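In: sequence first, predicted model second:
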Amino acid sequence: MTVASSRPRTPRRHDAAHRRDLGWIAALVHRISGLGLAIFLPLHFLVLALALNGAAALDGFLQLTHQPVVKLAEAGLVAMLVVHLLGGVRLLLIEFLPWRGGQKALTLGSLGLSVVAGVWFLVQAL
């Protein structure tokens with residue numbers, strides 16, 4: 001029988017190896033895209049509220065949307081939306097389907113699809 005030491009145990013150093021896993025990175029990107037969309041949505045509602053103040057107020061704001069930086073931000077928004085959508089689908093698949101070996105390939109494919117959607121939107125907008 002061993003006697004417990006009176007010294008308090010020091011916690012083990014946290015191993016961050018799991019943070020290099022593609023599934024963890026996909027979950028992080030999903031959370032960040034959700035935060036980005038949550039920040040965008042109230043701003044979008046504020047712009048829509050300009051229409052209540054008349055067409056001139058809305059038209060004045062919409063003139064800003066022709067700036068290249070706004071077009072780039074819109075493309076980023078579309079890419080974030082696709083990333084968040086596909087991240088949600090990924091979570092649903094993980095919850096309701098058995099694990100498969102090709103999940104990392106699907107995760108990379110969804111990231112690629114998100115980038116393609118953002119670039120396609122940017123090309124269409126310019």
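Out: The structure has been received and is ready for your questions. Computed from a prediction, not measured in an experiment: that's the story for all the values here. Numbers count the residues shown, from 1 in each chain.
In: can you tell me which residues contact the spatially most central residue of the chain?
Out: The residue lying closest to the centre of the chain (CA atoms, centre = their mean) is residue 33, at 1.8 Å. For residue 33, the contact set (CB atoms under 8 Å, 6 or more residues apart in numbering) comprises 80-81, 83-84, 87. Backbone N, C-alpha and C define where each C-beta goes, glycine included.
In: rerun at 10 Å
Out: Counting by CB atoms under 10 Å, 6 or more residues apart in numbering, residue 33 touches 77, 79-88, 114.
In: hmm, which helix or strand of this protein has the shakiest average pLDDT?
Out: Least confident helix or strand of the chain, by mean pLDDT, DSSP states H and E, is helix 103-125 with a mean of 77.
In: all strands of this structure, in order?
Out: Along the chain, no segments are classed as strands by DSSP state E.
In: next one: phi and psi at residue 102?
Out: Dihedral pair for residue 102: phi -90, psi 20, per degrees, to the nearest 10.
In: go ahead and confirm it touches residue 109.
Out: Yes - counting by CB atoms under 10 Å, residue 102 touches residue 109, with 9.4 Å between them.
In: residues touching residue 31, list them.
Out: Taking CB under 10 Å, 6+ apart, we find residue 31 in contact with 84, 87.
In: could you do the one 5 residues further on as well?
Out: Residue 36 is in contact with 76-77, 79-81, 83-84, counting by CB under 10 Å, 6+ apart.
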